[in-house]
Structures are given as C-alpha cells and as structure tokens.
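Trainee: Model the following, please.
(2 chains)
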2 protein chains.
Amino acid sequence: MNKIDRLLSMLVCLAFIELLEGVWPLPQTFTSSIERSPLSPEAFYFEYGSQSAAQQGCSVLDAAFTRYFPLIFPDYTGEVAERLLLDLKGAASPLAKVPVTTTIPSQWGLIHYLTRFYCIPDNLSVSARQASLNAETVWGALRGLETFSQLVYQDDFGSYFVNKTEIVDFPRFQFRGILLDTSRHYLPVKTILQTLDAMAYSKFNVFHWHIVDDPSFPYQSRTYPDLSSKGAFHPMTHIYTQSDVRRVISHARLWGIRVLPEFDSPGHTASWGKGQSDLLTPCYRGSSLSGTFGPVNPVLPSTYQFMARLFKEVSSVFPDSHIHLGGDEVNFSCWSSNPDIRAFMKKMGFGVDFTKLEAFYMENIVNITSALNKTAIVWQDVFDYHELIPKDTVLHIWKGTPASYQAELSRMTKAGMKVLLAAPWYINHISYGQDWHQYYNVQPLDFPGTEEQKKLVIGGEVCMWGEYVDATNLTPRLWPRASAAAERLWSDEKQTSSADKAFPRFQDLRCKLVRRGIRAEPLYVGHCKHEYQGV
Amino acid sequence: MNKIDRLLSMLVCLAFIELLEGVWPLPQTFTSSIERSPLSPEAFYFEYGSQSAAQQGCSVLDAAFTRYFPLIFPDYTGEVAERLLLDLKGAASPLAKVPVTTTIPSQWGLIHYLTRFYCIPDNLSVSARQASLNAETVWGALRGLETFSQLVYQDDFGSYFVNKTEIVDFPRFQFRGILLDTSRHYLPVKTILQTLDAMAYSKFNVFHWHIVDDPSFPYQSRTYPDLSSKGAFHPMTHIYTQSDVRRVISHARLWGIRVLPEFDSPGHTASWGKGQSDLLTPCYRGSSLSGTFGPVNPVLPSTYQFMARLFKEVSSVFPDSHIHLGGDEVNFSCWSSNPDIRAFMKKMGFGVDFTKLEAFYMENIVNITSALNKTAIVWQDVFDYHELIPKDTVLHIWKGTPASYQAELSRMTKAGMKVLLAAPWYINHISYGQDWHQYYNVQPLDFPGTEEQKKLVIGGEVCMWGEYVDATNLTPRLWPRASAAAERLWSDEKQTSSADKAFPRFQDLRCKLVRRGIRAEPLYVGHCKHEYQGV
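Mentor: Presented below is the predicted three-dimensional model:
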C-alpha cells in the first residue's frame, strides 16, 4: 500500500468512527460524509444570518452562542489554539463561522416563549468551508446549536473537525419533560441548574417541578410565608426563595426549557397543613378527633379562598401557560371519618362515592387556575374518577404496566383529551444492569386508536421521584438513563428501534456529558477519554 | 412548670436525641449519660498520655490528631470560635484535652504494621472535665479517635458538646474489607483516597485492590512496563504509577487500613496478554488457531518465570503480609481446545479433569508467593476444585445464596481453613428501596460448626465490582450502604439485631458522612442539617 492509499484508508477509518458516534438524540434526517473541515477555536464564531429575524440583542441566542463555544472547544486555551493554527497550515480551509437564521419575527420576551414553546424544524448544513443553521424560532435554533456541538470532534492530535453533514430535524413530541421532586429531599438550586444544562444536552424542553408534597413545602410563598417557614425541612436552608425560583426559570428559558410547577392537591399536602390551619381535613377516630390530618378539606369555602390566592401568586411567578395540579392518590379514609365531610356528601347527593367529592374539588381548582389563564395538567386519577373535565386539560399517565397504560392512552385520547406519558419512565426505580433498554424500548403510540387519537399524545416525561434521591446521587441516577427516553421522544421510532445499535452512540453521549462536567454514570465496562476527575 | 424544670426537661430531651444518634458501628460496651461537657475548638487538643508507648513523632497518631480536629469541629473558624468561647462563659468547665495512650511499644514503621494489623480493644472515657483514650496499638487508638469524633455534637446554637460516656470497644472480626475494581473502570487516585477516608469513618481496615482484570491492566509494573502501556485503557491517563500506588498505601496506612492487592489469574487475564506475549493460552477452533486467547497458559515454564518476577515486584511494592491470587471463574473451553494443553494433561495423568490443571497452576503460584513470605488469599473456586492447599491460605467466599455460602463456610472451616465472607455483600448489585437491610441482616457465623470452626471466619468484605461503576457514581453507591456491613463486622450481633432500631443511628451516620464531604446517598425521605452542596 503506498503512502496516499494508507492516508485515505486512515481517513475513511477515522470518519467511520466519528459517524458511528454522532448525535443524540438522533436527528430526523441526517446525511454525513467523510469529507471534513477543520475548526479553529482561535477564529471560529457564530453570527446571526443577514436574513434572520433574530439579530444581536436576542438574549436567548446571544447567551447560547457564548455558552456553546466552550462546549464545542472544551480544551481551548490560547496556547493550544496556537498549536492548532500551526497544524492547520496547508490543511483544508477551516470552517470559520456558522450563521444562524431564524424566520419567525422576534419577540424575545416571555410572551413569545409562552405561546410557542415547542421546538420546531431546524436545518443544519455543514460543508467544506461553510455551514449554516436555519430554524423557525430561536428555540429551534438552540436545538440546532446542540446538534452542531455534538458534530464537532477532535482527532488524535487534539485538532477539531466537523464532517460535511446535512440535517433536517424536528422533535417527534412537543413535550419532553423531566420531573424533579424537591419535597421528599431538598435539591440545592445549583443542582437544579446543572440538571437544566444536562436536559438541554438531550433536547428535553420541560422541567416539571414537583416542588411541594407531604414531606416538605420548600416554596417560599409571598402570600403565605408560613407554608415554607413551618412546612419546609428548614425555613432558611431548605427553601426556594422568590429569587431562587426566578433564577431557575430564567436559566431554563435560556436553554429553551419551560418550567412547569406542580402544586399537588388535595392529597400529598401534609406539609401544607403545618403553615396553614384549617386547610387539611381533621381525621376522626369514631366520634372524636384523632389529632391527625388527611387531604385538603374540600367542603370549606376558606379552602377555595386560600387556593385562589395561592394559585394567583403561583400563576404570576411561573410564566408557563400550563400548571400541574396533581390530583393523584387521594386517600378517602380520613374524609370518610369526618362527620362534616359526610354531611356535605349527603347534601351534594354524592352518596358514599368519594371520587365524586374529589372530582368536585378538582373542578373547583381547575376553574380557579383556568380563570388565571392557565391550562391544567392533572395526574390520570382525575380522569379515572371523573371523565367530564374541561377538554383542554392535559392528562398525565403515571400508573401501570405497558398493557394498562396503553389501555389508558386509548381511553383518554378517545375522549378527545391530550395526554402525557410518564408511566414507563419512572427512572427513580433502579435495578442492576443496563436498565436503560427498557426506557429506550417504549413505544408511546403503540395503543389501539385512530391517527387523530395518536396526535393527542403530546409527549412524555421522565420522573425522578425523591424518596431515595438528593443532590448526592441525583446526577448519576438521571444521566444518561433519562437520555434514553429523550431519544424516544425526539427521534423517528423506525430509525431508533434497536437499543443494541444505539449503544455505541449512547456511550459516546455519556462521555460527552462527562466531558461537560455532568457526573453521568457508565453504561458498561470501558472508559472515556476524559474521565470524571472530581470526588 | 417552673423555669428550672423546663430547662431540665429540655436537657433530658436534648440528651436523649443525641444518645439516639450515637456512634456507628456500635461499640461493644457503651455507657452514656445526659451529663455533658462543652468543647471549645479554640482550646481543645489531643495529646499523648504520659505513660503512652507512642509519643510525639509517631507519624500515624500525629497525623490522626491533626486530621480529626476539623472532623470534630467542622465549622470552626477563628470568628466562630470567639462566639463559642463567649457562650461558654459561666457554663460547665470545658473538656480541654484527650490524652491518648497506647500500651504496645512503638515500632511505627511497616514492620509493626505488617505483624499487627488488626485493631484491638480500646477504651474511651469521657467525663465532666476529663477524657482519656487508651488503646493497645496505634491502630486501636485510630478507631478510638473515630469513635470520639462521632460522640461530639453541636447544639442548636452551634456549640460543641460531648456527653459523659464510657466505651470499651474492639472489633468482632479482624478483617473488614472493601473491594474496589479498577480494571472494569479506572478510578482516579483521588477517588480511591476519598474512599479510604470514608472506610475509616466506618472502621473498615482492609482495602482489597482488585487492580487488574480482563478489561484493563492499569498497574504500571517496573519489571513489565508493557503490561500497562499496552493493557491499560490508556498508557498515561488510565494507569497507577509506582508513586500512585505508594500514595494509596501511605494514605491507607495513616488511616489504619491495609492495602491487599489482587492479581487474579489464571482467568480474568485478557488485558495481561496485550503486553506479554506467550502468557495466555492460544485457543483453537478444530485443528487451527482461532486467533483468540484464553486463561494463562499453565503448561509453559515461561509462565512461571514471568509470574515469579511479577510477584517479586508486587510483593515488594505492597507491604501487606497477604496477597490475593484470585483463581476464580476459569473457563476450561480454551484450555481443552489446545493440543499442547491436552498433551500436558495426559502426561500429568489429569485425564480430562481441568480442575486438576487449575489446581496445579494455583499450587505453583501459591508456592511462588509463599517463597516471597506472603500469605495467599484465593477465591473459593480454588478450594472447591482442590481441597489440598497450604493450610495458611485464606479462602474467600463469593458465591451463592445464604444456604450455599453457609454450607461452604461449614465445609471450609471443617477443613481447618481460614475464611473471608464476601458473598452476601456484593454491593454493586443495586435494587430499589432500602436494600441496606439485607447487608445488615447477614449473620456470618450462622452455619453448622464448632466454636473452633467459627473462629476461622476472620472477617468479611464488601465488593464493589466495576461493571457499572466509576468515579461518577462510586461514592453514592458505596455509602452508606457499605456501612451496614461495617456494623455487622465490628459490633456485637445481639446488640445490633434490628435494622429498624439501627435506622435513626444509620441516618445520622449518613448525615455525618455528608458533612465530611462524602457524597453518601440518602436512606429515605428527609434531610440533613448540612446537605451536600456540590453538583
């Protein structure tokens, strides 16, 4: 083999390796070749395309350009760059810039964000000496920047390259969420912010903040400060202040992530009762008070006055168009022990069917938030009890095996309701071995129903409930396991039908996450070029 | 209730809480009262008792005194101390010093360490204004310092206290080990050092370093540098240099922890073959070479020459009296495919019983290390195949259910062999929920046998195999789960028979670990006063 042959064969081999690695989640259409351009961190930049609706001053893209530079050139320093520039002398002309063009006129504030929060098709094209990224909205441009950052690689000498590539991409589902539970364990703001970063790396776009629950109430309310001062694990160190919340929302926005708050009621509210008297139902043992409390008391007008004021605040603090109202796992034993509740049931003609009482309660809460211009999301229990809920309510499936959640999908979409699927992605449940396969192999639309019904499945959510999770172990439990679901929610199902085929690309993603400072755990025996170096 | 009564009741209540928290693992005898002494970080010090065999200049205790000060006073700074001193005015006289006395004449070098590596009874006494710690050896004194550090607590105002306490303590088992696997994934030295710190917090005293295996050979040998330059994941970034190994051993020694190296053969050696030709058995497909390799080739004299030189080096690098030789999971299919091996079998009269060939190989390796004055530890397979091994060899049980490892314990100790139990503590196997119960509820001596037999069980080991573990997730998987086994190996079984009873003390340990910078994961819903603040 002569020298040129050997060079060519090396090139092909190298390119082959890089193609294998590629992008996670897999783009919808992806054409790549072995032709490649060097990139010099000394000279490379993003710019706004001349025809772009977004231009300098667009906070989201300005920040993204700055943020992605070190992600693309992770070991860049002045000295290294010099060496790279020397290496590039006589090589193919480097790719110097990527113009980013968005087509939808810019309203960079929250209004735009609220009305068009879904990522829409974007187009990324890299050829020998030029590249361009076109997207409808800035949010699509963010996803394209992530894709581009994953296309850049380093050769064995540390030089940066990108292969000639054509990508047209868009998400399969509009809602790609992760739930964090900050009630069972408190998560420091820093931990939440880092999780948002990692979410964007896998193109998740909704942070479902299950902010309060039975064990603690860390949300510091302006209207009801006692809720956290008495209901949090600690009134100073284990709370989210108004500025903490603003910081989370603004960080998320810059990454193109919505923050969906959940204030779950009438169950899961034990901690609420510590700072708000007469809110929870007093339980009875026989004819006397037992001293314990049950779910929110649905028969007192004061309950709804309290909820109206609380949700008015929450609606103004969290700008998202949706709000999660919970409604799951209401235990009826305390309600049924209470004579006032029983009297109310009788008056309303509910008989002994407490699901009617829960439906009555949820209807009131949905009306409250609806008047505040928020669309409600509720856990599936609410539909299971009471199918006659406002048509725009989104139902959230969390229970059961594939067989049972498929039946539920069918039933809900048949009733014309929008649905979110969480049941197969309860990622807090851990087991030994490569359990990401089970998250990857979910087929969200594999249920009996028409095309119209399938369109009502707006997305899915990875839930990390907090019983056994706090800042010590959140990151390695979440990553890269959650990213398996991310690909299912973004990519074409036919192109991503094999976990085995995805494995090397998934391992590569995991190493990229580690390189970016995310403590993503290993998938199996092996190593990353750049290992996690902390303790 | 008058003021004094209320004060007393508060005191009793406080003391009760602190007693509940206490020490992990539970000391053998522990008498505590609500009487307490304040401790001032401004004035507190350890000193050598006047009658102590160890005196200033004893490297192990000098370093331990320095190390334990910030562990005992975690938020001490000059400013805080001033406040504390002010608070103490008019309070009970503070406890100012703890004299530490050891009785065995000091030979602080490695010789002493090698011959008496077990922790032996120590005695800790704290009363109103004086405290003392008496131990036979410096290693016992280290354990006593750990106990003392766990006795000190802060009240709600941040002041430090220790209750009047009498402790006589000693470990139930001499060998309390943790295995880390640095072949399936490389662990940075920093990660190993932090693990050693955390081990000492739970009174573990043996670091079993499963340093090489099939996937990689990170040990950089002086004699055979190719083993790591070709067999490690990377010849520079994924190796342990001689100074790395020295650093681990010296750090471990200062914490009273032995480093037991394992060079597992003849199986689990794929990575060895990359840097040492003719070491592994060439496998055949029919009558021709298949191109793959099996276990170490036991029929070539060059194999034993290689092993003798390697183990000579290893024996000098690792000062411990013991060496782990592996011997597990030998796959016979490659051996049986190889005509040279079959010919050797015939010559030796082994028939087709390859266990005889393995026994022959292990006998040779044990003889090599025995000539180097090392006592061998081998996995149970070696005994299962071949009961006639040198009487001083320690057998290491790793297989099976309680029923099967109990039978093995019985059989081995009946044969007069010393035994180590690892089977119930394969902590790399994770499952959802409070799985520490199963590690806590192990009864290592619950097998049919005489008192003499029971004495042959020298201890146990927590194994963290590396298939799914590296520096990203090691710490939260190991802690505090491993500490459940630590209590089983240290404490009296009768006093520690209930996991439920141990739970609050275990939760307290977990929070102490977090306070000390160890990312120990939560046991269940709740919080620590000082949460992990990193990301």
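
Trainee: Just give the closest residue to A:Leu151, not the sequence neighbours.
Mentor: A:Val162 (5.2 Å; CB to CB, 6 or more residues apart in numbering or on different chains). All C-beta atoms are positioned from the backbone trio N, CA, C, and that covers glycine.

Trainee: Quick one: residues contacting whatever residue of the stretch 201-350 of chain A ends up closest to chain B.
Mentor: Ranking the residues of the stretch 201-350 of chain A by distance to chain B (CB to the nearest CB) places A:Phe233 first, at 4.0 Å. For A:Phe233, the contacting residues are A:Tyr186, A:Pro215, A:Ser216, A:Pro218, B:Gly526, B:His527, by CB atoms under 8 Å, 6 or more residues apart in numbering or on different chains.

Trainee: now do A:Asp392
Mentor: Per CB under 8 Å, 6+ apart, neighbours of A:Asp392: A:Thr375, A:Ala376, A:Lys418.

Trainee: Try it again at 10 Å.
Mentor: A:His322, A:Val366, A:Ser370, A:Thr375, A:Ala376, A:Met417, A:Lys418 (CB atoms under 10 Å, 6 or more residues apart in numbering or on different chains).

Trainee: I'd guess the second one is in a helix, am I close?
Mentor: Yes: counting by DSSP: H, G, I helix; E, B strand; the rest coil, A:Val366 falls inside a helix.

Trainee: Which pLDDT value goes with it?
Mentor: Per-residue confidence (pLDDT) for A:Val366: 96.

Trainee: I figured it was touching A:Tyr304, is that so?
Mentor: No: if you go by CB atoms under 10 Å, A:Val366 and A:Tyr304 don't touch, sitting 11.8 Å apart.

Trainee: what about these two, which has more around it?
Mentor: A:Val366 (22 against 16; other CB atoms under 10 Å in any protein chain shown).

Trainee: So that one versus A:Ile323, what's the distance?
Mentor: According to CB to CB, to the nearest Å, A:Val366 stands 10 Å off from A:Ile323.

Trainee: Strands of the stretch 301-450 of chain A, start to end?
Mentor: For the stretch 301-450 of chain A, applying DSSP state E, counting those that start in this stretch gives strands covering A:322-326, A:375-379, A:394-397, A:418-421.

Trainee: Name every strand pairing with the last one and say which way it goes.
Mentor: Looking at strand A:418-421 with DSSP bridges, its paired strands and their directions are strand A:394-397 (parallel), strand A:457-464 (parallel).

Trainee: Same check on the second one?
Mentor: When pairing is defined by DSSP bridges, strand A:375-379 lines up against strand A:322-326 (parallel), strand A:394-397 (parallel).

Trainee: Using PDB, write down the CA coordinates of that strand.
Mentor: What follows is strand A:375-379, C-alpha atoms only, in PDB (Å, rounded to 0.1, in the frame of the first residue of the first chain):
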ATOM      1  CA  THR A 375     -54.100  25.300  31.200                       C
ATOM      2  CA  ALA A 376     -54.300  22.500  33.800                       C
ATOM      3  CA  ILE A 377     -52.300  19.300  33.800                       C
ATOM      4  CA  VAL A 378     -53.500  16.600  36.200                       C
ATOM      5  CA  TRP A 379     -52.500  13.000  37.000                       C
END
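
Trainee: Which one of the strands paired with strand A:375-379 lies nearest to B:His208?
Mentor: Among the strands paired with strand A:375-379, the nearest to B:His208 by CB to CB is strand A:394-397 (46.5 Å).

Trainee: Pull the distance from the closest one to the chain's centre.
Mentor: Relative to the centre of its chain, strand A:394-397 is centred 16 Å away, using CA atoms, centre = their mean, to the nearest Å.

Trainee: Mean confidence (pLDDT) on it, please.
Mentor: pLDDT averaged over strand A:394-397 gives 97.

Trainee: Check which residues of it are buried.
Mentor: A:Val394, A:Leu395, A:His396, A:Ile397 (16 or more other CB atoms under 10 Å in any protein chain shown).

Trainee: For the third one, give its distance to chain B.
Mentor: Same thing as A:His396. 22 Å (CB to the nearest CB, to the nearest Å).

Trainee: got it, and A:Ile458?
Mentor: A:Ile458 is 29 Å from chain B, by CB to the nearest CB.

Trainee: Touching, that residue and A:Leu420? I think so.
Mentor: Yes: assessed by CB under 10 Å, A:Ile458 is found in contact with A:Leu420 at 6.2 Å.

Trainee: what residues are shared contacts of the two?
Mentor: A:Phe173, A:Phe175, A:Ile377, A:Val394.

Trainee: Quick check on A:Ile458 and A:Leu420: which one has the bigger neighbour count.
Mentor: A:Leu420 (24 against 16).
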